[in-house]
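# the sequence and its predicted three-dimensional model are supplied below.
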Amino acid sequence: MLDSLRNVFSISDLRTRVLFTLSILAVYRVGSVIPTPGVNTEALSILADQAAGTMFGLYNMFSGGNLAQVTIFALGIMPYISASIILQLLTVVWPYLERLSKEGELGRRKITQYTRYGTLLLCVVQAFAIAFWLESQTGIAGGLNLVYTPGWAFRLMVVLTLTTGTMLVMWLGEQITERGIGNGMSLIIFAGIVVNFPAGVLGLFDQLRTGQMGLFRALLLGLVMVLVIGAVVFIERGQRRITVQYAKRVVGRRQYGGSSTHIPLKVNTGGVIPVIFASSLLAFPATIASALPQGGIAQTLTNSLANGMPLYYLLYMGGIIFFAYFYTAIIFNPDDVAENMRKYGGFVPGIRPGKRTAEYIDTILTRITLVGAIYLALIAVLPDLMIVGFRVNAIPFVGDSLDAVTPRWITDGLGVTFYFGGTSLLIIVGVSMDTVQQIESQLIMRHYDGFMRKTRIRGRRG
């Protein structure tokens with residue numbers, strides 16, 4: 001491990017990329033503590049504790065806690081993610097975007113530009129929604145107002161500040177992708193989640209100190225966390241390789257083809273997107289109910305879909321499995337893969353090219369997607385199981401009965417989320433693996449270049 005770190009900083013270009021990435025993340029964290037003008041942050045922190053299980057909590061997690069404080073980066077990178085997902089969905093149903101996606105680098109640049117326009121539009125809409133929502137919460141947060149001076153001046157200030165902040169975050173992410181190491185957007189989300197880990201660790205030690213959790217239970221909790229992280233790494237790296245053989249072709253006096261390769265099908269093709277879709281869908285009832293008067297059918301339905309209820313877990317896990325298949329079907333088309341193989345003379349041994357190959361790939365993809373979907377569903381409900389089983393920071397939650405045990409400091413859009421599990425764990429492990437893999441690729445590439453350079457020099461001397 002130490003040798004690998006030494007190699008990273010011994011190569012000037014790679015060292016520059018790593019330091020540039022860390023510098024950009026530092027800039028992002030600085031902007032995360034600058035509040036939006038005109039907002040009462042004290043009242044907002046009280047209201048944030050009451051918004052668990054709503055869309056507010058979901059967006060707050062992906063913004064790294066910026067939304068709960070309404071900083072200049074309050075919207076975070078979520079509008080860009082939403083715009084990217086919308087463009088991916090439109091690519092399937094809009095022939096123009098489908099043609100662009102197949103035009104190579106030029107087409108990808110145009111789609112990226114459309115994604116930026118969509119991000120800007122979503123920022124303006126969401127910023128206006130946040131401004132109106134802040135003005136509407138009068139006296140709710142402990143009798144305090146969230147806005148000092150309501151009006152159009154405040155609304156326009158919020159829209160300008162939050163939109164500019166999100167576009168700056170998007171630009172920072174693109175700079176990391178181009179000039180740094182790893183995927184910039186993913187690393188920004190990663191940084192926003194990891195920055196809250198010290199509070200989680202301190203809370204755990206505080207429970208040990210006060211006797212709320214015994215030493216044996218804490219050690220067992222640590223062992224479970226290690227096992228879960230190992231399982232996540234194992235599944236995320238898991239893939240089913242389909243062997244592809246290319247026939248030999250003779251062109252003039254040269255012979256082409258005859259090689260063998262494989263198509264890697266990941267077990268978790270959709271990544272964390274199915275969890276985001278399912279949690280967003282289930283967060284809508286709580287978000288709508290928060291704006292309606294107490295009581296009535298809407299409140300009853302919301303209570304049935306509250307976190308911890310059997311119907312919530314049933315719909316949540318079912319939604320994850322559905323969206324895992326749905327998103328996989330969007331980003332991976334077996335018919336296109338089979339057609340491309342046929343054009344270049346490739347075939348799966350024992351399978352007829354064309355339609356039969358597409359059906360064969362689709363069958364395998366359907367089976368491994370089921371495994372990946374069940375894995376995502378189990379990881380998503382893991383935080384609740386950990387909280388109930390280990391009673392991690394179990395304190396009464398505002399608005400619940402005294403018998404309820406819902407932790408305040410570990411809430412997000414999924415309702416209650418343990419810091420060491422759920423969506424946060426999937427993002428952290430996935431981004432970490434991707435970044436480490438890119439660093440290893442850079443090291444291997446430079447070692448290979450150095451070896452070839454020495455070989456050429458020795459050949460000249462000989």
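Nice, I can see it.
# mind checking the pLDDT average for stretch 433-450?
Per-residue pLDDT values over stretch 433-450 give a mean of 71.
# check the offset of it from the chain's centre.
Offset of stretch 433-450 from its chain centre (C-alpha atoms, centre = their mean, to the nearest Å): 24 Å.
# and for stretch 9-26?
Taking C-alpha atoms, centre = their mean, one finds stretch 9-26 lying 23 Å from the centre of the chain it belongs to.
# now do stretch 180-199
For stretch 180-199 - counting by C-alpha atoms, centre = their mean - the centre lies 10 Å from the chain centre.
# list the buried ones in that stretch?
Using 16 or more other C-beta atoms under 10 Å as the test for burial, stretch 180-199 gives 180-194, 196. Heads up, the C-betas are built off the backbone N, CA and C, glycines and all.
# so where's the stretch 51-200 of the chain uncertain?
For the stretch 51-200 of the chain, applying pLDDT under 70 flags the ranges 51-68, 137-144.
# the same query, at a cut-off of 50, please.
Scanning the stretch 51-200 of the chain for pLDDT under 50 picks out 53.
# so where do the helices sit in it?
Under the criterion DSSP state H, counting those that start in this stretch, the stretch 51-200 of the chain contains helices at 55-62, 66-69, 78-93, 95-101, 105-136, 152-179, 184-194, 197-210.
# what is the fourth one packed up against?
This points to helix 95-101. Secondary-structure packing of helix 95-101 (3 or more C-beta pairs under 8 Å, 6 or more residues apart in numbering; DSSP states H and E): helix 78-93, helix 105-136.
# figure out how far it is from the centre of its chain.
Distance, centroid of helix 95-101 to centroid of chain: 25 Å (C-alpha atoms, centre = their mean).
# give me the distance between Met157 and Leu168.
Remark: distance between Met157 and Leu168 (C-beta to C-beta, to the nearest Å) = 16 Å.
# who's more crowded, those two?
Using other C-beta atoms under 10 Å as the criterion, Met157 and Leu168 rank with Met157 on top: 18 against 15.
# next one: the more buried one from Arg241, what distance?
In terms of C-beta to C-beta, Met157 sits 54 Å off from Arg241.
# for Arg155, which non-adjacent residue is closest in space?
Ala131 (4.2 Å; C-beta to C-beta, 6 or more residues apart in numbering).
# next up, the contacts around the one you found.
Ala131 makes contact with Phe154, Arg155, Val158, Val159, according to C-beta atoms under 8 Å, 6 or more residues apart in numbering.
# top of those residues by neighbour count?
Most neighbours among those, by other C-beta under 10 Å: Val158, with 25 neighbours.
# I figured it hits Thr71, correct?
No - counting by C-beta atoms under 8 Å, Val158 does not reach Thr71; the two are 11.7 Å apart.
# so what sits against both of these two?
With C-beta under 8 Å, 6+ apart as the test, Val158 and Thr71 both reach Thr36.
# show me the contacts for Ala338.
Pro353, Gly354, Lys355, Thr357, Ala358, Ile361.
# could you check how many residues crowd around the closest residue to Leu134 other than its chain neighbours?
In space, and not counting its chain neighbours, Leu134 is closest to Leu146: 4.6 Å by C-beta to C-beta, 6+ apart. Neighbours of Leu146 under the rule other C-beta under 10 Å: 24.
# quick one, phi psi at Leu146?
Backbone torsions of Leu146, given as degrees, to the nearest 10, read phi -80, psi -20.
# check the gap between it and Phe73 for me.
Applying C-beta to C-beta to Leu146 and Phe73 gives a distance of 18 Å.
# selection in ChimeraX covering whichever of the contacts of Ala338 are buried, please.
In ChimeraX syntax, the buried subset of the contacts of Ala338 is picked out as below (16+ other C-beta under 10 Å):
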select :353,357,358,361
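# closest to Leu215 among the contacts of Ala338?
Using C-beta to C-beta, Ile361 is the member of the contacts of Ala338 that sits closest to Leu215, with 51.2 Å.
# quick one: the residue nearest to that closest one when sequence neighbours are not counted from Asp362, how far?
Excluding the flanking residues, the one nearest Ile361 by C-beta to C-beta, 6+ apart is Pro334, at 4.2 Å. From Pro334 across to Asp362, the span is 4 Å (C-beta to C-beta).
# equivalent analysis for Thr91, please.
Counting by C-beta to C-beta - Thr91 and Asp362 are separated by 19 Å.
# reduced to three states, what does Leu14 come out as?
Leu14 carries the three-state label helix when classified by DSSP: H, G, I helix; E, B strand; the rest coil.
# ok, how many other residues are close to the closest residue to it other than its chain neighbours?
Spatially, and ignoring its direct neighbours in sequence, Leu14 is nearest to Gln442 (5.2 Å; C-beta to C-beta, 6+ apart). When neighbours are defined as other C-beta under 10 Å, Gln442 has 18 of them.
# what strand or helix carries Gln442?
helix 422-461 (DSSP states H and E).
# is it true that Ala191 touches Arg29?
Yes - if you go by C-beta under 8 Å, Ala191 and Arg29 touch, sitting 6.8 Å apart.
# mind checking the SS state of Gly270?
Once three-state DSSP is applied, Gly270 turns out coil.
# what about the nearest residue to it once chain neighbours are set aside, how many residues nearby?
Sequence neighbours aside, Tyr327 is the residue nearest to Gly270 in space, at 4.2 Å (criterion: C-beta to C-beta, 6+ apart). Per other C-beta under 10 Å, the neighbour tally for Tyr327 reads 21.
# next up, the contacts around Tyr327.
Tyr327 neighbours (C-beta under 8 Å, 6+ apart): Thr269, Gly270, Ile273, Pro274, Phe277.
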